[in-house]
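Colleague: No sequence on hand, only this structure:
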């Protein structure tokens, strides 16, 4: 039976507790097509994909697979029908071998005994067919994130996936790893696999997708052919307004050096030195795992440093723990907001006032009035969208959760604020607002250290940036030297080819 | 059709949300029907006096569980408290205030050992308090030389028997401590941090808060509460016994869990813990009134725990789907 589309979802409706999450949404993918699914957080992308994969049930609407209507009532049925979804957090077992992970659901066995030879052979074939060379006998935890992702894709292929859904697959990848992923996706496309690609990063969509479907507030906002559209059109569909400039202009006066890091060494980084000036946004660039976060954590006192000194305002400070850092006026917004930045199960006010609990309490008793005042101030200042300050942070969108994490330090009058991947997994609208907040910090003469994996962000936002490679600082680039080529050249180590 | 459905859902949600309250109300009504002597002043105060020790211990347990830990040593700590108070009074011959002070101090000290191991040495709470459980029981046996120590101090004996406004004194002490706990958990930095640590320890540390001191304190407090319960046990029975409180840690954990606290930490209230204590107490009381042997009592206790936690699980799931 011939059908033009591999997947055809029509008039899908779904609501949660009276709130309409999806309102008459359609989605179509052809065999061998890469469809980008974009939209701000809360637009309904994940809900739609969970319905397609069987994790949620639709309330109304039809799903056709190769022209035949199907009922996907649970993820098992979804997988049997050839629909595989790869979440940001991989569903892999770190202590098992690559081959075991690939065939986890359906391992080669005879009477309960694993047939290792067949297992390795079949796993090897799948990996090779994607053009990679990964030993199936290796333990998964020894692989880089990008290779783990390859394993996850192989796992989907072992289940004969006809439709592959990827939820923000590049969020954890470094630029050169993204290239690897794209190569894999193109291979799969040539084999006729339909790919649905959820991403916040518009530049990726233009590189890899054939068409893009944009959702906004649970409704279909538009479907565009990627080679007939522009960045602005997509953004317009996403947020319903033109976004003239992603990166707002900053009016900061850069002062004298006031934070100096001398010869910092810890478990990961070696002999790192740099200084940050008042009102400066200083970038830490490099690949994931190059030691950027470890520098930040040592300055902040979250991790021990083996040697080196940190001088703030001519005072040698040694942050033995974040508690001392708080006293010394250094704040840090950690990279993993859900695990480290906020307490999801507690409310907005508890989260925001966590750093200033001493200021809003008397002899250990919390002053509720002051707490409210402080929280309201910061919620307003950072434009945090929340029903009220008693809402649990888990009910906020990703961007607003990140703003809560920022607010904790915004209200602290810090001298230095370290931001570790401040815009990861945050939608475009919230990104711009976070950039504005960073500018505001700089305008108040605060020294900002910003870690980012997005080169465009480093280039546009930073006054200077240091580039890390395998625990070593390869160099510091001034504003006029900040280009993708320069950063990349340093990030991959100068001796090697530049990765293209 | 949809309206009916949502009304049903609302009702179900309400039931699940207040399942501890529902269970206690149902139990009380059932008890009134089953036994005429249940709702008498004498029986109710008897019941409350019986649960006063476990009630006080449950509060310490609640604090520990809120941080995501567990304290298995409280039963043994009660025995040590019981033995020490009698030992200091009768064997050594100290005055009552001094004896009580030393008993409490040593209770806090033993709790602090667990606290130190968990917070500073990062030992698993289950393991460190398991070790303390056998150590403490052993110390209680050593001090008492294996046999109960009889007390004759009339003031302490009186505390176990006497009333204020016709309420037994141990019950007043329990309710007073509960009131303090409610205040601490709702209005103080300490209460908030204890819950925050149980919810996300890393985020708390990265907010510049010294989590060690809080984790340490909850075990020390738990030790102090257990010693208090030990003193009450001595005052009620007239002897300091190294045998009391065996298995009591499990009852305390049960009370906290029936009260809706999560063993993962971060979730739980003092009032609901008190209800959990009462649920266990009422079950024991009514079955004693009806002369049900001890063994079926244990089965029913276990079933109540399963149902309470099942309801909480369903409620959590429904909440998550709603998000």
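Modeller: That came through, no problem. Only a predicted model underlies this, so the values are computations on that prediction, with no experimental measurement involved. Residues are numbered from 1 along each chain as shown, chains lettered A, B, ... in the order given.
Colleague: Can you pull the poorly scored residue ranges out of the chain?
Modeller: Answering for chain A, as no chain was given. A:1-2, A:17-19, A:41-42, A:239-245, A:494-500 (pLDDT under 70).
Colleague: Please refer instead to chain B.
Modeller: B:1-5, B:318-323.
Colleague: Could you pick out the longest helix of it?
Modeller: Counting by DSSP state H, the longest helix found in chain B is helix B:294-322.
Colleague: tell me which strands and helices that one is in contact with?
Modeller: helix B:2-17, helix B:19-34, helix B:248-258, helix B:270-289 (3 or more CB pairs under 8 Å, 6 or more residues apart in numbering or on different chains; DSSP states H and E). All C-beta spots, glycine's among them, are computed from the backbone N, C-alpha and C.
Colleague: Please list the residues of chain A that sit near chain B.
Modeller: A:16-17, A:300, A:302, A:321-323, A:325-327, A:332, A:334, A:339-346, A:350, A:354-355, A:357-358, A:361, A:364-366, A:368, A:394-395, A:408 (CB under 8 Å from any CB of the partner chain).
Colleague: Around the residue nearest to residue A:83 when sequence neighbours are not counted, how many other residues sit close by?
Modeller: Leaving aside its chain neighbours, residue A:83 sits nearest to residue A:163 (4.6 Å; criterion: CB to CB, 6 or more residues apart in numbering or on different chains). Other residues near residue A:163 come to 22 when the count uses other CB atoms under 10 Å in any protein chain shown.
Colleague: residues touching residue A:163, list them.
Modeller: A:6-7, A:29, A:52, A:65, A:82-84, A:193-196 (CB atoms under 8 Å, 6 or more residues apart in numbering or on different chains).
Colleague: now with 7 Å?
Modeller: A:6-7, A:29, A:82-83, A:194, A:196 (CB atoms under 7 Å, 6 or more residues apart in numbering or on different chains).
Colleague: OK, contacts around the closest residue to chain A within the stretch 201-323 of chain B?
Modeller: Residue of the stretch 201-323 of chain B nearest chain A, by CB to the nearest CB: residue B:208 (3.0 Å). By CB under 7 Å, 6+ apart, the contact list for residue B:208 reads A:322-323, A:325-326, A:355.
Colleague: Residue B:71 belongs to a strand?
Modeller: No - going by DSSP: H, G, I helix; E, B strand; the rest coil, the assignment for residue B:71 is coil, not a strand.
Colleague: For it, list the residues it contacts.
Modeller: With CB under 7 Å, 6+ apart, residue B:71 has these contacts: B:60-61, B:64, B:114, B:129, B:219, B:222, B:249.
Colleague: Chain A contacts on the stretch 151-300 of chain B?
Modeller: With CB under 7 Å from any CB of the partner chain as the criterion, the stretch 151-300 of chain B meets chain A at residues B:187-190, B:192, B:196, B:199-200, B:202-203, B:205-210, B:266.
Colleague: From these, which land in helices?
Modeller: Those of those lying in helices (DSSP H): B:187, B:189-190, B:192, B:196, B:199, B:202-203, B:205-206.
Colleague: List just the nearest of those to residue A:131.
Modeller: Nearest to residue A:131 among those is residue B:202, at 38.5 Å by CB to CB.
Colleague: out of everything not next to it in sequence, what's closest to that closest one?
Modeller: Here the residue nearest residue B:202, using CB to CB, 6+ apart, is residue A:340, at 4.9 Å.
Colleague: now do residue A:448
Modeller: Here the residue nearest residue A:448, using CB to CB, 6+ apart, is residue A:281, at 4.6 Å.
Colleague: tell me the contacts of the residue of the stretch 201-350 of chain A found nearest chain B?
Modeller: Per CB to the nearest CB, residue A:326 is where the stretch 201-350 of chain A lies closest to chain B, at 3.0 Å. For residue A:326, the contact set (CB under 7 Å, 6+ apart) comprises A:355, B:208.
Colleague: can you confirm it is in a helix?
Modeller: Yes - counting by three-state DSSP, residue A:326 falls inside a helix.
Colleague: Where helices are concerned, which of the contacts of residue B:71 count?
Modeller: Counting by DSSP H, the contacts of residue B:71 contribute B:60-61, B:64, B:114, B:129, B:219, B:222, B:249 to helices.
Colleague: What subset of those residues is buried?
Modeller: By neighbour count, with 16 or more other CB atoms under 10 Å in any protein chain shown, the ones in helices among the contacts of residue B:71 hold B:60-61, B:64, B:114, B:129, B:219, B:222, B:249 as buried.
Colleague: Tell me how chain A divides into domains.
Modeller: A:7-239, A:257-491 (automatic domain parsing).
Colleague: roughly how far is the last one from the heart of the chain?
Modeller: Averaging C-alpha coordinates over domain A:257-491 and over its chain gives two centres that are 16 Å apart (CA atoms, centre = their mean, to the nearest Å).
Colleague: what about it, how long is it end to end?
Modeller: Distance between the two ends of domain A:257-491: 25 Å, counting by CA to CA, to the nearest Å.
Colleague: which residues in the stretch 51-200 of chain B form helices?
Modeller: B:74-86, B:96-119, B:125-144, B:154-161, B:169-187, B:189-199 (DSSP state H, counting those that start in this stretch).
Colleague: between those, which gets nearest to residue A:157?
Modeller: Nearest of the helices of the stretch 51-200 of chain B (CB to CB): helix B:189-199, 38.9 Å.
Colleague: what does the closest one rub up against?
Modeller: So helix B:189-199 is contacted by A:343, A:345-346, A:350, A:354, A:357, A:361, A:364, A:366, B:63, B:66-68, B:184-185, B:204, B:209, B:211, B:214-215, B:218, B:265-266 (CB under 7 Å, 6+ apart).
Colleague: right, and residue A:366 touches residue B:187 too?
Modeller: Yes - using CB atoms under 7 Å, residue A:366 is in contact with residue B:187, at 5.9 Å.
Colleague: quick one on the thing from earlier: can you list which of the contacts of helix B:189-199 are found in strands?
Modeller: Among the contacts of helix B:189-199, the residues falling in strands (DSSP state E) are A:361, A:366.
Colleague: Among the contacts of helix B:189-199, name the buried ones.
Modeller: Of the contacts of helix B:189-199, these count as buried by 16+ other CB under 10 Å: A:343, A:345-346, A:350, A:354, A:357, A:361, A:366, B:63, B:66-68, B:184-185, B:204, B:209, B:211, B:214-215, B:218, B:265-266.
Colleague: Name the helix or strand for residue A:268, please.
Modeller: Here residue A:268 is covered by no helix or strand, with elements defined by DSSP states H and E.
Colleague: Correct me if wrong: it contacts residue A:470.
Modeller: No - Residue A:268 is beyond contact range of residue A:470, at 8.9 Å (criterion: CB under 7 Å).
Colleague: Can I get the contacts of residue A:163 in TSV including neighbour count?
Modeller: Formatted as TSV, those follow (neighbours: other CB atoms under 10 Å in any protein chain shown):
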residue	neighbour count
A:6	22
A:7	25
A:29	23
A:82	18
A:83	28
A:194	24
A:196	26
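Colleague: I appreciate the help and will end here.
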